[in-house]
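dropping the sequence and predicted coords here.
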Amino acid sequence: MSSTTPAIPPTDARGDFSFPEKHAFDAGYGLTEATIDYICDAKGEPDWLRDFRKRALAKFRDMPQPLHWAPQEIAALDFDQIRYYLAQGTPARKNWDDVPDDVKRTFERLGVPEQERAFLAGVDAQYDSETAYKNMREELAKKGVIFVNPTEGLSAYESIFRPWFGKVIPVGDNKYAALNHAAFSGGSFIYVPKGVKLAQPLQAYFRINSESMGQFERTLIIADEGAELMYMEGCTAPKYDTATLHSGVVELVALPGAKIQYVTVQNWATNVYNLVIQRGLAMRDAEIRWIDCNIGSGVTMKYPAVILQGERARGEVVSISIARDGQLQDTGARMIHAASGTTSNIVAKSISIGHGRASYRGEVRVQPGATGCRNHTECDALLLHAESRTDTYPAITVHGDSAAVQHEASVSQVDEEMLFYMQQRGLTRAQAMSLAVNGFINDLVNEFPMEYSVELRRLIDMEMEDSIG
Amino acid sequence: MSLVIKNLHACVRGGQEILCGVDLDVPTGEVHAIMGPNGSGKSTLSKVLCGHPDYEVTAGSVELNGQDLLAMPPDARSRAGLFLAFQYPVEVPGVSNANFLRAALKARLPEGEELDAVAYYKRLRKVMNELGMDPKFSSRAVNEGFSGGEKKRNEVLQMLMLEPLCAILDETDSGLDVDALRIVSQGVNAMRSSFRSFLVITHYKRLLDYIVPDVVHVFHQGRIERTGGRDLVDYIEEHGFDFLKKEDA
């Protein structure tokens, strides 16, 4: 482990660098029909997609910001001050040597090529609006695994891609779904054929380089019957004075008996609005797990969901959020039990430091006719300072009387007796606090791949040293 | 070279005075026992010496090998060589014993220096073995779900690993069965040396049969009321603390 570069840059500072912009394509500020024409022309997209994007834009304009329930902070987001498409005009490369020098150096600094050699089955590296590098191990291609960006997915694999595109998260689902449908660029389309099990994870790395950027990646993962894969995404950006928007859409489809694990470690700079929609559809006996860690961004709204569509499907969300001064982590989970015998599990832990705010927002629904469903939800919040804040908004809707739904919530502060005990053994107060916080989320950190969990712990140590030491 | 306490007064922060002028000198190489009735302030003394935030020192001084302990935060006192085996050890959820001890040892190294992990685990295993502890203990969270006896044994493990210059054992015997008491006492006795001092707080003679003290103090109403040799232990065992009341009257 010690020889590889950390899987996540340990602080904002490490991701906080940028190269001068060198864009061949720049759609300018704001999102209009002309912007969409510009994007479609740049990408050479078919007319149906152009119409599709424009219809989505109309929806986006019609729909209000969801301020009746969402954090009021998003009201400050000015969609006219965002740039919707920035690209260097070079196609995604399969060899790092062919990637433009500044982009290549960016990802080298973030350790991506090194991790790829060490433990990944494939990598997608997105720089602003477009994929700069995308490659997968040869033997997976031979097994029929598809790993391309959505533009290529639409043209080369339309018969697999199109039937599921926008089906799990429809265009009119909410304002940000409409926005992504209108402006999407980059992301991944993955198809794993029947019975194929990926031994190593695939990874996407989302990098924002330019100021006022809006990144709208689109990911669709289809695991055919009995297939298994793990997908990981990491995110960083330099810190700018103006707002940056990341609003991705991720749709997962787990066909009968398939298993998908989706791991996110988000460490955006604090000027980033991270408003992401992630939802999976789990068919009979399938399993979808979202493993989610939110450390960065100014405002995050993210509630990974699983629609348990087939009998005995399983869904899980494991979530860690850390909110420091000036940060709002509004995270949670949704589980929709639409078939009998489905089970779901939600474990969410948040840590609020200084004036940081962490919220848990969850929905568990058991649909009419679905019998013998089970959910267990546990959300625990740790507050490090008197001014730290946490809120919990659970919503549970159960039809019928055969479901077992459990919700446990706790809010705690680091115990002074515990800190004294640790200090009596020679640890400084900051070291003691760091150890206590690590202990609080230890069971969840272990759910992350080793390369990530080691780095997560280091990240927390550094946060504690900064905020308490 | 020793632990020197002079005229120590302390109260609960903003409240009642509990230590009312403690004078105590524990030279290195010696084991001193402190006995006394419930509520006499024995445990408060151990907490005040370690800098517990609930208490405020209003007068007096404490020096360990010439260093002013009262001027240091709790962690610096520990690194200066002071150790407290807690009467009620605290649980640290999610932090394994091995990681906790490693962090404590690392805190004693100069900045940037790393602990030799292999040597550390080897030593940890050896000491655990001497204390009759299951190797699985090292990966369990600190004190979490431990029985009373397991917690006490864990305190002694930490003491043996951290090798303090002055160790305070606060009712380490409570919750231990006879076998555990013998093993724990062997651990303590093995640590006795010319450069180390011990302050053993206990209600019972039982522990002092195993860890034989050089000097015995009787604590009463926030101060040391009487000092003697081992015969004082036998006297208390036979007559209780009633003699203190008679002195009051």
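Structure received. Residues are numbered from 1 along each chain as shown, chains lettered A, B, ... in the order given.

show me where the stretch 301-450 of chain A has its helices.
A:416-424, A:429-445, A:450-467 (DSSP state H, counting those that start in this stretch).

would JSON lines of these with distance to A:Gly15, mean pLDDT and mean neighbour count be doable?
(Each C-beta comes from the backbone N, C-alpha and C, glycine too.) What follows is those, written out as JSON lines (distance: least, CB to CB, whole Å; pLDDT from 0 to 100; neighbours: other CB atoms under 10 Å in any protein chain shown):
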{"stretch": "helix A:416-424", "distance to A:Gly15": "31", "mean pLDDT": "96", "mean neighbour count": "21"}
{"stretch": "helix A:429-445", "distance to A:Gly15": "20", "mean pLDDT": "90", "mean neighbour count": "22"}
{"stretch": "helix A:450-467", "distance to A:Gly15": "12", "mean pLDDT": "74", "mean neighbour count": "19"}
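
right, and those helices - which one's nearest chain B?
helix A:429-445 (3.0 Å; CB to the nearest CB).

can you tell which of the helices of the stretch 301-450 of chain A is closest to A:Thr151?
Smallest distance to A:Thr151 across these (CB to CB): 28.6 Å, for helix A:450-467.

picking up where we left off before, okay, the helices of the stretch 301-450 of chain A in JSON lines with distance to B:Ser174 next?
Formatted as JSON lines, the helices of the stretch 301-450 of chain A follow (distance: least, CB to CB, whole Å):
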{"stretch": "helix A:416-424", "distance to B:Ser174": "18"}
{"stretch": "helix A:429-445", "distance to B:Ser174": "26"}
{"stretch": "helix A:450-467", "distance to B:Ser174": "34"}
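
right, and the ones you listed - which one's nearest A:Leu255?
The nearest among those, by CB to CB, is helix A:450-467 at 27.2 Å.

now the angle between helix A:429-445 and the closest one, please.
If you take axes from the mean of the first three to the mean of the last three CA atoms, to 10 degrees, helix A:450-467 sits at 150 degrees to helix A:429-445.

which residue packs closest to A:Ser18, ignoring adjacent ones?
Closest residue to A:Ser18 apart from its sequence neighbours, by CB to CB, 6 or more residues apart in numbering or on different chains: A:Pro238 at 4.1 Å.

then A:Ala27?
Nearest non-adjacent residue to A:Ala27, counting by CB to CB, 6+ apart: A:Tyr85, 3.8 Å away.

what's the answer for A:Arg334, then?
A:Arg334's closest residue in space is A:Ala305 (CB to CB, 6+ apart), at 3.6 Å.

near chain A, which residues of chain B?
Within reach of chain A by CB under 8 Å from any CB of the partner chain, chain B has these residues: B:50-53, B:73-75, B:77-79, B:83-84, B:86, B:89-95, B:99-101, B:103-104, B:107-108, B:141, B:158, B:162.

show me those that map onto helices.
B:50, B:74-75, B:77-79, B:99-101, B:103-104, B:158, B:162 (DSSP state H).

of these - the most surrounded one?
Tallying neighbours with other CB atoms under 10 Å in any protein chain shown puts B:Pro74 at the head of those, with 27 neighbours.

which residues touch that residue?
Applying CB atoms under 8 Å, 6 or more residues apart in numbering or on different chains to B:Pro74 gives the contacts A:Phe420, A:Gln423, A:Gln424, B:Cys50, B:Gly51, B:His52.

and what of A:Met283?
A:Val253, A:Ala254, A:Leu255, A:Pro256, A:Ala258, A:Gln309, A:Gly310, A:Ala313.

how about the first one, phi and psi?
According to degrees, to the nearest 10, the main-chain angles of A:Val253 amount to phi -130, psi 110.

run a quick neighbour tally on it.
Around A:Val253 there are 23 other residues, counting by other CB under 10 Å.

just list whatever residues bridge to it.
In this entry, A:Val253 is beta-bridged to A:Ile222, A:Leu281, by DSSP bridges.

my guess is it contacts A:Val306. True?
No - applying CB atoms under 8 Å as the test, A:Val253 and A:Val306 come out as separate, 11.4 Å apart.

what touches both of these two?
A:Gly280, A:Leu281.

nearest the geometric middle of chain A, what residue?
Residue closest to the average C-alpha location in chain A (CA atoms, centre = their mean): A:Thr264, at 4.8 Å.

any weak-confidence spans in chain B?
Counting by pLDDT under 70, chain B shows low-confidence ranges at B:1, B:246-249.

just give the nearest non-adjacent residue to the residue in chain B that chain A sits nearest to, would you?
Closest approach between chain B and chain A, counting by CB to the nearest CB: B:Gly94, at 3.0 Å. Ranked by CB to CB, 6+ apart and with sequence neighbours excluded, the top spatial neighbour of B:Gly94 is A:Gly439, at 3.0 Å.

which ones are touching that neighbour?
B:Val92, B:Pro93, B:Gly94, B:Val95, B:Ala141.

so who does the fourth one touch?
What that stands for is B:Val95. So B:Val95 contacts A:Leu435, A:Ala436, A:Asn438, A:Gly439, A:Asn442, B:Ala141, B:Val142 (CB under 8 Å, 6+ apart).

for the second one, same thing?
By CB under 8 Å, 6+ apart, the contact list for B:Pro93 reads A:Gly439, A:Phe440, B:Ala141, B:Glu144.

now the residues you listed in CSV, with distance to B:Gln67?
Shown next, in CSV, are the contacts of B:Pro93 (distance: CB to CB, whole Å):
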residue, distance to B:Gln67
A:Gly439, 31
A:Phe440, 34
B:Ala141, 33
B:Glu144, 34
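
what pLDDT does the closest residue to chain B within the stretch 51-200 of chain A get?
Residue nearest to chain B within the stretch 51-200 of chain A (CB to the nearest CB): A:Ala118, separated by 21.2 Å. pLDDT recorded at A:Ala118 is 83.

could you measure from A:Met433 over to B:Gly41?
Applying CB to CB, to the nearest Å, the value for A:Met433 to B:Gly41 is 30 Å.

same question for A:Tyr393.
Taking CB to CB, one finds A:Tyr393 at 49 Å from B:Gly41.

higher neighbour count, those two?
More crowded of A:Tyr393 and B:Gly41, by other CB under 10 Å: B:Gly41, with 22 against 12.

which helix or strand contains the most centrally placed residue in chain B?
Centroid check for chain B by CA atoms, centre = their mean gives B:Ile168 as the closest residue, at 2.0 Å. Assigned by DSSP states H and E, B:Ile168 belongs to strand B:166-170.

B:Gly187 too?
Going by DSSP H and E, B:Gly187 is part of helix B:178-191.

give me the buried stretch members for that helix, please.
Buried residues in helix B:178-191, defined by neighbour count with 16 or more other CB atoms under 10 Å in any protein chain shown: B:Ala180, B:Leu181, B:Ile183, B:Val184, B:Ser185, B:Gln186, B:Gly187, B:Val188.

which ones are touching the fifth one?
To tie it back to what came earlier, the one meant is B:Ser185. If you count contacts by CB under 8 Å, 6+ apart, then B:Ser185 has B:Leu207, B:Tyr210, B:Ile211 around it.
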